[in-house]
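# pasting a predicted model and its sequence here:
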Amino acid sequence: MQMVSFQHYGLFFAPAQVAAAQKYAKREPYQLAWEQLHQPPLADPISALLWEAFRYRFDEDKAVGAQAAEQLLNDLQVAPAASFLDQMMVLLVRAQIFELVRDHPAATEALQDRWLLKFGQQIEHLNETQPSTYVEQIWLALLKMAAGVVLEHEDLIQDSAAFYRQVIETAIHPRGYLLPLTESTAETGLQHTLLALKGLVLLAECGQQIGLDLWQYSQRNVSLVTAGLYPLYYYFYPEKWQWTDGLDQPEAERLFRLHGSYLEPLNRHIGKPTRAIDLILKDLRPVVDVQGGGMLTLSHGVVIGRGPFGLF
């Protein structure tokens, strides 16, 4: 069992990543991401709060940080969501905002204690729900990891890490597809694969910040990277998606725009050029996914300046 060292900063990224974004602000992909950060935030309240929290971290804007901290910590209620997955996503975004503003002076100990008590109750309530799909199982494991960090609850973290390792050991085919998704008639679409991978990548990134190197865990020469690379071919050749009929280029592009944000952390982790990732990210950047880690090009981008390579 790997030891946990709690770090409270960005939930999915570390100070060194902020420093890199600041240092290379005039280079791509960071330049477009910075321009986006300085645009007006999205209209819905949770997106606007996350935007402000990123402004606090990356711009070191204490006034905006105070606004985000006060609004989050005084808002203890979570509006009902349309589905179990949506409920988990809302709590995940709130967890990330909390971590981003946790060290702001406006986040007083009294406000934090009250918010953490309510958040813990919300997590406990959600834990009583039995996931009905494999994607929900993955996102519940992700939420447990995030909640474990926020609440400094190591049991939640170890439960989540155990689930992740089980995925690597039993659920990923050597070709990269997730076996449980192919065995469920309700989860054979490309969107389910992308949602599952987004959840697993965020789980690995969250663990990385507290000393759990889940990225390196592999069995049978299979790891999260194996699964993360699998869908890329179908961005370029969607008609060859074998699990459902009717996937075409516009739909594949739409799904990657919605759920392909995991490619930024994956690209950063791989640490060497992967032409397919570069081409897709060129279309997607600057990557923003409110429910999937926030402004991911800003937090996980890698400076562009690499030569031509093979597609895969």
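Sure, I can see it.
# alpha carbons only for contacts and neighbour counts from here, please
Will do.
# what stretches of the stretch 51-200 of the chain score poorly on pLDDT?
For the stretch 51-200 of the chain, no stretch is flagged by pLDDT under 70.
# show the contacting residues for residue 248.
238, 239 (C-alpha atoms under 8 Å, 6 or more residues apart in numbering).
# and the gap between it and residue 211?
Shown here: residue 248 relative to residue 211, a distance of 41 Å by C-alpha to C-alpha, to the nearest Å.
# repeat for residue 171
Taking C-alpha to C-alpha, one finds residue 171 at 24 Å from residue 211.
# got it, and residue 146?
Here the criterion is C-alpha to C-alpha. By it, residue 146 lies 14 Å from residue 211.
# ok, now residue 103?
As judged by C-alpha to C-alpha, residue 103 and residue 211 stand 20 Å apart.
# can you check residue 266 too?
18 Å.
# can you check residue 244 too?
39 Å.
# run through the bridge partners of residue 178.
Beta-bridge partners for residue 178, by DSSP bridges, are residue 172.
# what about it, neighbour count?
Residue 178: 23 surrounding residues under other C-alpha atoms under 10 Å.
# close enough to count as contact, it and residue 171?
Yes: using C-alpha atoms under 8 Å, residue 178 makes contact with residue 171 at a distance of 5.5 Å.
# re earlier: of residue 266 and residue 211, who's got more company?
For residue 266 versus residue 211, the count of surrounding residues by other C-alpha under 10 Å is larger for residue 266: 22 against 14.
# give me phi/psi at residue 295?
Here is the backbone geometry of residue 295 (degrees, to the nearest 10): phi -90, psi 80.
# count the neighbours of it for me.
Using other C-alpha under 10 Å, residue 295 is surrounded by 24 other residues.
# likewise for residue 7?
15.
# so what's the nearest residue to it once chain neighbours are set aside up against?
Distances taken as C-alpha to C-alpha, 6 or more residues apart in numbering put residue 210 closest to residue 7, at 5.8 Å, once the chain neighbours are dropped. Shown in contact with residue 210 (C-alpha under 8 Å, 6+ apart): 4, 5, 6, 7, 149.
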